[in-house]
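Peer 1: Quick one, structure for this:
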Amino acid sequence: MEQPAQKTILIVEDEPDVAAYLQTLFEDEGFRALIAETGKQGFQLAKEVHPDLITLDITMPEESGVRMYRDLREDPETASMPVVVITGISQDFKRFIESRKHLPPPKAYFEKPIGRQAPLAKTRELLSRKVC
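Peer 2: Model (predicted):
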């Protein structure tokens, strides 16, 4: 019996300890996890790799997660990729993004420090709906 293709998660996170935690969390569950340290690098990797899901920090050097999110949604090649925001900033960001009528909101939000069960459950839910 053929194994289903391994799902790829792109982690866009500038804090090395958080990126390593998320990478281990997802890889322990059988996902392939890639890390980008900036929004610019994350956007380029998203276009190259076509991940099944993206986790996105908001406050990063070079290019913010807000900018990357907007770029993802405006590019036809990346517009349908599910994005889960994992950030240390408050609900203000959620209200801000959801007030932008031309951008669909992210699929989920998690505040740092992030636990284990909730992000894994949301990841499984989103990836089980995605037809590859």
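Peer 1: residues touching the residue most central in space within the chain, list them.
Peer 2: In the chain, the residue lying closest to the centroid (CA atoms, centre = their mean) is Thr55, at 1.7 Å. Contact analysis of Thr55 by CB atoms under 8 Å, 6 or more residues apart in numbering lists 9-13, 22, 83-86, 119. Using the backbone N, CA and C atoms, a C-beta is placed for each residue, glycine as well.
Peer 1: Tell me the buried residues in stretch 47-54?
Peer 2: Residues of stretch 47-54 classed as buried by neighbour count (16 or more other CB atoms under 10 Å): 51-54.
Peer 1: For Thr21, which non-adjacent residue is spatially closest?
Peer 2: Wrong residue type there; residue 21 is Tyr, not Thr. Spatial nearest neighbour of Tyr21, excluding adjacent residues (CB to CB, 6 or more residues apart in numbering): Ile114 at 7.7 Å.
Peer 1: How is the one you found assigned, secondary-structure-wise?
Peer 2: The local conformation at Ile114, judged by DSSP: H, G, I helix; E, B strand; the rest coil, is coil.
Peer 1: and if you look at Arg67?
Peer 2: helix.
Peer 1: Report how many residues lie close to it.
Peer 2: 15 (other CB atoms under 10 Å).
Peer 1: Can we start the residue count at 350 from this point?
Peer 2: Understood, numbering begins at 350; the last thing we discussed is Arg416.
Peer 1: wait, doesn't it sit right on Thr387?
Peer 2: No: in this structure, Arg416 is not within contact of Thr387 by CB atoms under 8 Å, at 10.2 Å.
Peer 1: buried residues in the helix or strand hosting Gln372?
Peer 2: Using DSSP states H and E, Gln372 maps to helix 365-377. For helix 365-377, burial by neighbour count (16+ other CB under 10 Å) applies to 367-368, 370-372, 374-375.
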